[in-house]
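**Student:** sharing a model that was predicted from the sequence below.
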Amino acid sequence: MSQAERDLDVSLTRRAQSGSEVAFTALARRWHRRLEAHAWRLLGDREAARDAAQMAWLEIARGLKGLRDPAAFPAWAFRITTRQAAAIIRRRQDERRLSEDLHQAAMTAPQSTAQPEPGADAALYAAIRALPPDQRAAIALHHFEGLSVAEAAVALDAPVGTIKTRLMHARLKLKAALEGETHD
């Protein structure tokens, strides 16, 4: 993320904190897709990701005035989305305990049909999709969203060392997957 984009987010956040609906709407337009993509990386389900992002925006709207540092909006918003995704996962686990049929349905849910961005390396995106959710989220926030390791730690509600470990393991898995791809 460029400094100009960060400055715009800070400005929009400050104005939204002061009650500007126009600024809040602009902030939502800039960030909704990213938050939904983050939720999808954690959940692997488009509908659940939409739900998590919508619930996150409700929490963001309620708590925005309490955000002390407007520059922290990205990490704060990702963290809220992470918590909403975790809540969905907890609800899913509860449903599975209640019914074996629901458990079987969840196990046979269709895989995502998401396509890589135009011109992107399909093998890389396939390898990223194959990572465990915590590693996939760390890679995406750090490398795709441009968050620092510290910001990703805030967004994922995990210690900085944990994020560094997730990034290291994810990079090793990606390297192995891509090298395996070239040796076939």
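**Tutor:** Okay, I see it.
**Student:** just after the host helix or strand of residue 152, pick out the following helix or strand.
**Tutor:** Assessed by DSSP states H and E, residue 152 sits inside helix 149-156. Remark: after helix 149-156, the chain's next helix or strand is helix 160-182, criterion DSSP H and E.
**Student:** report the buried residues of that next one.
**Tutor:** For helix 160-182, the neighbour count (16 or more other C-beta atoms under 10 Å) marks 163, 166, 167, 170, 173, 174, 177 as buried. Every C-beta, even on glycine, is put in place using the N, C-alpha and C of the backbone.
**Student:** my guess is the second one contacts residue 131, does it?
**Tutor:** No - assessed by C-beta atoms under 8 Å, residue 166 is found out of contact with residue 131, at 9.2 Å.
**Student:** show me the shaky parts of this structure.
**Tutor:** Within the chain, the stretches with pLDDT under 70 are 95-120, 181-184.
**Student:** please tell me how far the residue most central in space within the chain sits from residue 167.
**Tutor:** Nearest to the geometric centre of the chain sits residue 38, at 1.9 Å (C-alpha atoms, centre = their mean). Note on residue 38: its distance to residue 167, by C-beta to C-beta, to the nearest Å, is 16 Å.
**Student:** and residue 21, by the same measure?
**Tutor:** Taken as C-beta to C-beta, the span from residue 21 to residue 167 is 38 Å.
**Student:** mind giving me the domain split of this protein?
**Tutor:** Listed by automatic domain parsing, the domain ranges of the chain are 1-113, 115-184.
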